[in-house]
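Novice: Sequence and predicted structure below; questions after.
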Amino acid sequence: MTRAAALRLGAFAGALALAFGAAFAIGSAVDPIAAADTAAPAHGEDMGEHQSGRSESGGQLPGLAVSDAGYTFAPETTFYQSGAKTEVRFTIQGPDGKPVTQYTKTHEKDLHLIVVRRDLSGFHHVHPTRDASGTWSIPFTFTAGGTWRLFADFKPSALDRTLTLGTDVNVSGVYVPVPLSEPSSSYNVHGYDVTLAGNPIAGKESELTFTISKGGKPVTDLQPYLGAFGHLVSLRSGDLAYLHNHPAQEASAGMKGGPEIKFMTTFPTGGTYSLFLDFQHAGAVHTAEFTVRVGSDGTAIVPPTTPGASATPGHEETPHGH
């Protein structure tokens, strides 16, 4: 082999090595499995990290990864048929690769399952049951075709913080994208008027106040739901990052609340967020949905003088299966 040929071969080998190195770096950057991190949370208590909306895995926001701290959200299948009653089954695999069977309750439940289509329509907050083997299951009907996101929100007994893991499932059937609603400070659901007030600023903790009325009168006998007078899920449009929200007041059986429900939350970045408020009254749980745009200037959300907006177009006005 001539010296020139040897040099060309060496250059080719070097370029090939660089190409493989770049491919590996790109693959690592988009890997949906977050690095395992079993370190204790900075605050040592799950409600504190719920407010921050930060994961212990390199600052990753909750809900973006299928695995965190050695725990993995493992659905039995990721393919479903729209309109057909089926059963959603999954396990949470622990660091040892086995299904987790021991949990610490958060908001009165061992695990919360959030189901929503990727266009943020069809929101459901449900609570599956777990068998002795650690398999979770719940009857469910996906109402339309498309890609749906499942969030499992739980706290393993062996970990001192709450995790939110997310995974996508594919649902066959007609897919008609539902545009995100325009921001509004009022929502009507099942005869209840819900208004929202607040001053959210990107990257800073802020207070959100929901006020509930019916027939023009304030509702003052809200019933406890999941340890509070309301449960709030906030999802960032685009990637569906899941924000935990801290209720300002805890509630137990026999207590009455309302008309205001307050939450502390931190929107990590500017952008558009969908907020889903669950509240219970007269024995039934209702869900109000809001679209909020968050910037760095702290533009206030001001509720209307006279509440009473129609339900958000294109979003379900059916029971959410709590």
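Specialist: Arrived safely.
Novice: For the stretch 201-322 of the chain, give me the ranges with low pLDDT.
Specialist: By pLDDT under 70, the low-scoring segments of the stretch 201-322 of the chain are 306-322.
Novice: can you pull out the strands in it?
Specialist: In the stretch 201-322 of the chain, the strands defined using DSSP state E, counting those that start in this stretch lie at 205-214, 217-218, 231-236, 242-243, 246-247, 260-266, 271-281, 284-294.
Novice: which residues touch the helix or strand harbouring Leu196?
Specialist: Here Leu196 sits within strand 192-198, counting by DSSP states H and E. Under the contact criterion C-beta atoms under 8 Å, 6 or more residues apart in numbering, strand 192-198 has outside partners 185-188, 206-214, 219, 275, 277, 279, 281, 286, 288, 290, 292, 300-304, 307-309. Yep, even glycine has a C-beta here, placed from its N, CA and C like the rest.
Novice: quick one: average pLDDT of it?
Specialist: The average pLDDT for strand 192-198 rounds to 98.
Novice: Just checking the distance from that strand to the centre of its chain.
Specialist: The gap between where strand 192-198 is centred and where its chain is centred comes out at 21 Å by C-alpha atoms, centre = their mean, to the nearest Å.
Novice: Correct me if wrong: Ala144 contacts Ser172.
Specialist: No. Using C-beta atoms under 8 Å, Ala144 makes no contact with Ser172, being 10.4 Å away.
Novice: Tell me the spacing between Glu250 and Leu275.
Specialist: 20 Å (C-beta to C-beta, to the nearest Å).
Novice: repeat for Pro304
Specialist: 17 Å.
Novice: What does the pLDDT read for Val30?
Specialist: With respect to pLDDT, Val30 scores 35.
Novice: quick check, Val174 in a helix?
Specialist: No. Under DSSP: H, G, I helix; E, B strand; the rest coil, Val174 sits outside any helix and is assigned coil.
Novice: Can you give me the distance of the residue nearest to it when sequence neighbours are not counted to Phe123?
Specialist: The shortest distance from Val174 to any non-neighbouring residue, by C-beta to C-beta, 6 or more residues apart in numbering, is to Gly145 (5.3 Å). In this view, Gly145 and Phe123 are 17 Å apart by C-beta to C-beta.
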